[in-house]
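Colleague: Sequence and predicted structure are below.
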Amino acid sequence: MRIKHNDLAWYFIRPHDQLPDAYLRSCKKFFQELSLKQQATSGKPQALIQKNLHKPGTRVKNRFNRKV
């Protein structure tokens, strides 16, 4: 069976014991690189955006959360 290394469909639909070792190594390498990239970008200041949102109990002048 001939499998392209850029095609991940075989990794999910076939048992791994039926796949070539080189293909499995390249898939595992790809997933490791993907997880490293995700960990590196997960430090974005997303929590700071929600910190400035309207809190219950405080009066706001309009939809831009300007305090009265």
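Modeller: Nice, thanks for sending it over.
Colleague: So, low pLDDT: which residues of this structure?
Modeller: Regions of the chain meeting the criterion pLDDT under 70 cover residues 1, 41-68.
Colleague: How about the host helix or strand of residue 40, which residues are buried there?
Modeller: For residue 40, the host element (DSSP states H and E) is helix 21-41. Residues of helix 21-41 classed as buried under the neighbour-count rule (16 or more other C-beta atoms under 10 Å) are 23, 26-27. C-beta coordinates here come from the backbone N, C-alpha and C atoms, glycine included.
Colleague: okay if I get the residues you listed as CSV plus distance to residue 2?
Modeller: Shown next, in CSV, are the buried residues of helix 21-41 (distance: C-beta to C-beta, whole Å):
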residue, distance to residue 2
23, 10
26, 14
27, 16
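Colleague: Please identify which of those residues is nearest to residue 6.
Modeller: Taking C-beta to C-beta as the measure, residue 26 is the one of the buried residues of helix 21-41 closest to residue 6, at 8.8 Å.
Colleague: For the closest residue to the closest one other than its chain neighbours, which residues are in contact?
Modeller: Spatially, and ignoring its direct neighbours in sequence, residue 26 is nearest to residue 5 (4.9 Å; C-beta to C-beta, 6 or more residues apart in numbering). Counting by C-beta atoms under 8 Å, 6 or more residues apart in numbering, residue 5 touches 22-23, 26.
Colleague: mind checking the SS state of residue 5?
Modeller: Taken by DSSP: H, G, I helix; E, B strand; the rest coil, the conformation at residue 5 corresponds to coil.
Colleague: do you know how far it is from residue 29?
Modeller: In this view, residue 5 and residue 29 are 10 Å apart by C-beta to C-beta, to the nearest Å.
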